[in-house]
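Engineer: here is the input, now give the coordinates:
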Amino acid sequence: MAPFTSSLAEQLAPDLLDRFLRYVRIDTQSSRATGRRPSTLGQLDLSRLLVEELRALGLADAELTANGYVMATLPANGADPAASVADAPVVGLLAHVDTSPDAPAAGVEPLVHRDYDGAPIALPRGDTVLDPAAMPELGRARGHTLVTSSGDTLLGADDKAGVAEIMAAVAHLAANPQLPRPTLRIGFTPDEEIGEGGLDFDIERFGARCAYTVDGSDLGELQDETFTAAEAVLTIHGVEVHPGFATGKLVNAARLAARVIAALPSDTLTPETTSGREGFIHPHEVTASPGEATVHFIVRDFEDDLLAQHVELLRSTAERIVAEEPRASMELDVRPQYPNMRDHLAATPEVVELAERALRAEGLTPVRTPIRGGTDGSLLSARGLPTPNLFTGGHEYHSVREWASLHEMAAAAATLVRLAEAWATPG
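Structural biologist: Model (predicted):
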């Protein structure tokens, strides 16, 4: 078996694995369709369990708020016994309990693969194969203990890996009161996967100077930049007529929608052809009939002006094609989803600097990559709570191929313990 990143990570691993396997079995898939907050009741099942576990660890104020957020406090224990804990900063640790609506999520049965040998992993259901030839991160996990689903559901590492890592770190800190730490505020949020995790989060009630979402992927990731995101919903109205009597009368909205999608760039501005800091226009859901068609797009870029250009390209393309049929009409509704956290974190550089210190203390080289997506920290940073993102050790998110490395997860949990020390240690 490959070595862990530190003896601390190795010590945390058994408790971390037990928690992770327990959490992923609870169906917490969020939904874009219910209109509720939280969007699904299963999220509350995990949140209630987390409140019970936090109280059992001694965090007596652990609570589930009326709008579905878990909050709890682990009081400070300063490195200097003479220092007043009242002077210690309050630092938040955040993860989300929901899983993606983009893949099956009910009935997760996690499988543990110890001492991974580097070969393709054939999962027992769904003809799902994890092949290191197509997944470089998997190839680098030789010798690790891996966790996968059974092949017909996602695993839920996004973000139950983050939840388990926070819980394991808090359990370790609570059991070892001699370890220096600031006051830690623990928060678990619902509905992050549908872009609503930060909307109802009570920042004042949380009371932290800053926070960290534990919602990344690759070992050592530290991210303070995300996409700026918008949702665009295109609705096209046609003229529906019985097809047997449609000559010269039918205006097929479904065909017009297909023409709009086909007219958008296919070799650029798509998720499958872009990387790094390149943005895209992504049609991800289509509901169509001859009388009416609705296309849901997500539009992404790291720069606001470029995002506006992408939205304008979508609008002008749709207007041009629909205008070719005078009897058709359309609307394009554009809604901001989350902002790039970059500009909102610039005023508090110490938040990222101390995370870098924690990563290096765990023996890791910080990996500074922009997130081609968003986290709760995107909106929370814009709302005044500086919140960069840390790795979890989960991979292939939002798919039945999702997997997690226990070795990397343990490194993430250990990094949180190091982060507590960094905030509590002068200098």
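
Engineer: can you measure across stretch 122-134, start residue to end residue?
Structural biologist: Distance between the two ends of stretch 122-134: 14 Å, counting by CA to CA, to the nearest Å.

Engineer: now do the buried residues in it.
Structural biologist: L123, T128, L130, P132 (16 or more other CB atoms under 10 Å). From N, CA and C alone the C-beta is placed, and that goes for glycine too.

Engineer: contact partners for G220?
Structural biologist: Applying CB atoms under 8 Å, 6 or more residues apart in numbering, one finds that G220 lies in contact with L359, L364, T365, P366, V367, F391.

Engineer: distance check, it against P370.
Structural biologist: According to CB to CB, to the nearest Å, G220 and P370 sit 15 Å apart.

Engineer: give me the below-cutoff pLDDT ranges for the stretch 1-150 of the chain.
Structural biologist: Applying pLDDT under 70 to the stretch 1-150 of the chain flags residues 78-88.

Engineer: which stretches in this protein count as helices?
Structural biologist: 7-24, 42-56, 136-139, 157-175, 203-206, 253-263, 304-323, 342-345, 349-361, 376-382, 406-424 (DSSP state H).

Engineer: for those, which one sits closest to A72?
Structural biologist: helix 42-56 (4.5 Å; CB to CB).

Engineer: now do that closest one against helix 157-175, angle only.
Structural biologist: If you take axes from the mean of the first three to the mean of the last three CA atoms, to 10 degrees, helix 42-56 sits at 10 degrees to helix 157-175.

Engineer: now could you export just the CA positions of helix 42-56 as PDB?
Structural biologist: C-alpha atoms of helix 42-56 as PDB (Å, rounded to 0.1, in the frame of the first residue of the first chain):
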ATOM      1  CA  GLY A  42     -33.200  13.500   1.800                       C
ATOM      2  CA  GLN A  43     -30.700  16.300   2.300                       C
ATOM      3  CA  LEU A  44     -32.300  16.900   5.700                       C
ATOM      4  CA  ASP A  45     -31.800  13.200   6.700                       C
ATOM      5  CA  LEU A  46     -28.000  13.600   6.400                       C
ATOM      6  CA  SER A  47     -28.100  17.000   8.000                       C
ATOM      7  CA  ARG A  48     -29.900  15.700  11.100                       C
ATOM      8  CA  LEU A  49     -27.400  12.900  11.300                       C
ATOM      9  CA  LEU A  50     -24.500  15.400  11.200                       C
ATOM     10  CA  VAL A  51     -26.100  17.500  14.000                       C
ATOM     11  CA  GLU A  52     -26.300  14.300  16.200                       C
ATOM     12  CA  GLU A  53     -22.700  13.400  15.400                       C
ATOM     13  CA  LEU A  54     -21.400  17.000  16.100                       C
ATOM     14  CA  ARG A  55     -23.200  17.100  19.500                       C
ATOM     15  CA  ALA A  56     -21.700  13.700  20.300                       C
END
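
Engineer: which of the contacts of G220 are buried, as a PyMOL select command?
Structural biologist: Buried residues among the contacts of G220 (16+ other CB under 10 Å), as a PyMOL selection:
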select buried, resi 359+364+366+391
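
Engineer: the contacts of G220: which two are farthest apart?
Structural biologist: T365 and F391 (11.8 Å).

Engineer: show the pLDDT at the residue nearest to S149 when sequence neighbours are not counted.
Structural biologist: Nearest non-adjacent residue to S149, counting by CB to CB, 6 or more residues apart in numbering: L155, 4.4 Å away. On pLDDT, L155 comes in at 98.

Engineer: next: G373.
Structural biologist: 88.

Engineer: ok, T145 to V108 distance?
Structural biologist: 18 Å.

Engineer: these two: who's more crowded?
Structural biologist: V108 (24 against 21; other CB atoms under 10 Å).

Engineer: show me the contacts for that one.
Structural biologist: V24, R25, D27, S149, S150, T153, L154, L155, G156.

Engineer: number of nearby residues for the first one?
Structural biologist: The one in question is V24. Neighbours of V24 (other CB under 10 Å): 28.

Engineer: nearest residue to it in space, please, no chain neighbours.
Structural biologist: G156 (4.1 Å).
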